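Q: sharing a model that was predicted from the sequence below.
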Amino acid sequence: MKKVSVLVTGGCGFVGKEVVKQLLEKGYFVLVVDDFSNSTPLDESDSLKVINHDLTNAEGLLKIFKGVRYCIHLAARVGGVNYMSSAQSEILRDNILIDSNVISVVSQIGAKIVYASTVIVYDQSKDIPYKEDQKSIPPPQSDYGFSKLIGERLCQSYAKGKGLEFAIARIFNVYGINPNNIPEEKLHVIPDLIRKISKMGKLQLIGGGRQTRTFVHVSDVASALILMMESRFANGEIFNVASEEKYQILELAKIIWRLLGRTDDFSVNEVPAFEEDILKSTADISKIRRLLNWKPKQTMEKNIPEIVAWYRQVL
């Protein structure tokens, strides 16, 4: 019996590798399309094919995507807060091109797409915790958030005009062990804190670390995306993908400080916050619990010691 084919764009990235791993465990044939700009290739097998392609280029995509039943679309220009602030024009331009190309081709081949959006689409919303059913979301200040909101609208427009099957995941702050070698400017908050605290000296924190974030483990994100792909109850819906664990960045820094064995007194230098930074970001995940019976299995308390131990060896 022929295996069902799933395309994972950005499948060699942080979230992508975990999605591919779980898909293979479930018996799917997986096609990965990645340009390796933030990742290293996966080893191919009878159930896994990897294609090097920059998705800002639409040439040849119809041939590459042919025969795919599902697409989990993760490919995007993304990184930590420093990169997101300094490379906004590149992020906006490339993400719109990537999404336009991928969504158009997925629609043409009659596949279902699970679109990876972001918590940052809410960055101007005053309704906290964030809920998917807000009547209107103010345009995000961040160009990354704005590009993802455009991607969401593209999915909805293709559904109305072309019959595209879709589901949208607004993913909150993902953490876990990332096997890829990421440049410093693209590190997300936890590896960036580990890097800074490992260097000794006084810790510099953007905005003094007063930001509150909802985190979600990479394995939980992957399981949610695959469930959205498989479930008919996800069709046409938007879901927050998050845990209910809330941490202030300053609190996380203290935990990592202790786990790294620093014996000097904890102290912080405040660095001015970026204009696009969000002070408080928390999630309502009641919708994904109710419609898909999904809930996160991992906790920060359980995983952070292993994550710190791993990153201190590679950063």
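A: Nice, thanks for sending it over. Numbers count the residues shown, from 1 in each chain.

Q: quick one, phi psi at residue 292?
A: Backbone torsions of residue 292, given as degrees, to the nearest 10, read phi -120, psi 0.

Q: over to the one 4 residues further on?
A: Note on residue 296: backbone dihedrals following degrees, to the nearest 10 are phi -70, psi 140.

Q: distance of it from residue 244?
A: Computed as Cβ to Cβ, to the nearest Å, the residue 296 to residue 244 distance reads 8 Å. All C-beta atoms are positioned from the backbone trio N, CA, C, and that covers glycine.

Q: which strands and helices sit next to the longest helix seen in the chain?
A: Secondary structure of the chain per DSSP state H: the longest helix is helix 88-109. The contact analysis (3 or more Cβ pairs under 8 Å, 6 or more residues apart in numbering; DSSP states H and E) places helix 88-109 against helix 61-65, strand 70-73, strand 112-118, helix 143-162.

Q: contacts for that helix, please.
A: By Cβ atoms under 8 Å, 6 or more residues apart in numbering, the surrounding residues in contact with helix 88-109 are 9, 55-58, 61-62, 65-68, 71, 73, 75-78, 84, 112-113, 115, 142-144, 146-148, 150-151, 154-155, 158, 162-164.

Q: if we can go back for a sec, between residue 296 and residue 244, which one's more packed in?
A: residue 296 (20 against 14; other Cβ atoms under 10 Å).

Q: does that one touch residue 243 like I think?
A: Yes: when contacts are counted by Cβ atoms under 8 Å, residue 296 is listed as touching residue 243 (4.2 Å).

Q: quick one on the thing from earlier: compile the helices and strands packed on helix 88-109 into CSV and extend it with columns for mean neighbour count and mean pLDDT.
A: Output for these, formatted as CSV (neighbours: other Cβ atoms under 10 Å; pLDDT from 0 to 100):
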stretch, mean neighbour count, mean pLDDT
helix 61-65, 15, 97
strand 70-73, 26, 98
strand 112-118, 25, 98
helix 143-162, 19, 96
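
Q: to residue 124, which of the ones you listed lies closest?
A: Closest approach to residue 124 among the helices and strands packed on helix 88-109 is made by helix 143-162 (8.6 Å; Cβ to Cβ).

Q: what does the closest one contact?
A: Under the criterion Cβ under 8 Å, 6+ apart, residues 76-78, 84, 88-89, 91-92, 95-96, 99-100, 103-104, 107, 113, 115, 117-118, 120-123, 137, 139-140, 164-166, 168, 236, 238 lie in contact with helix 143-162.

Q: in contact with the residue most central in space within the chain, which residues?
A: Nearest residue to the geometric centre of the chain (Cα atoms, centre = their mean): residue 171, 5.6 Å. For residue 171, the contact set (Cβ under 8 Å, 6+ apart) comprises 15, 116, 117, 118, 119, 216, 221, 241, 242.

Q: can you do 10 Å?
A: Residues near residue 171 by Cβ atoms under 10 Å, 6 or more residues apart in numbering: 15, 74, 116-120, 148, 216, 221, 224-225, 239-242, 283.

Q: for it, grab phi and psi.
A: For residue 171, the backbone dihedrals (degrees, to the nearest 10) come out as phi -90, psi 130.

Q: ok, and the closest non-adjacent residue to it?
A: For residue 171, ignoring the flanking residues on the chain, the nearest one in space by Cβ to Cβ, 6 or more residues apart in numbering is residue 241 at 4.8 Å.

Q: pretty sure the one you found contacts residue 169?
A: Yes: under the criterion of Cβ atoms under 10 Å, residue 241 makes contact with residue 169 at 4.7 Å.

Q: shared neighbours, the two?
A: Listed as contacting both residue 241 and residue 169 by Cβ under 10 Å, 6+ apart are 116, 117, 118, 221, 224, 225, 228, 288.

Q: quick one: low-confidence parts of the chain?
A: Along the chain, the parts satisfying pLDDT under 70 run over 1-2, 80-82, 84, 185, 275-277, 315.

Q: which stretches of it form helices?
A: When assigned using DSSP H, the helices of the chain occupy the ranges 14-25, 61-65, 81-86, 88-109, 143-162, 189-198, 218-230, 249-259, 286-292, 300-314.

Q: nearest to residue 40, of these?
A: helix 14-25 (9.3 Å).

Q: could you tell me the angle between the closest one and helix 218-230?
A: Angle between the axes of helix 14-25 and helix 218-230 is 60 degrees (criterion: axes from the mean of the first three to the mean of the last three Cα atoms, to 10 degrees).

Q: count of residues packed around the closest residue to residue 270 other than its chain neighbours?
A: The spatially closest residue to residue 270, leaving aside those adjacent along the chain, is residue 208, at 3.9 Å (Cβ to Cβ, 6+ apart). Neighbour count for residue 208, taken as other Cβ under 10 Å: 15.

Q: ok, residue 301 touching residue 252?
A: No: taking contacts as Cβ under 10 Å, residue 301 lies outside contact range of residue 252: 11.6 Å.

Q: rebuild the helices of the chain as CSV, extending it with distance to residue 132.
A: Shown next, in CSV, are those (distance: least, Cβ to Cβ, whole Å):
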stretch, distance to residue 132
helix 14-25, 20
helix 61-65, 28
helix 81-86, 22
helix 88-109, 19
helix 143-162, 11
helix 189-198, 23
helix 218-230, 13
helix 249-259, 25
helix 286-292, 6
helix 300-314, 23
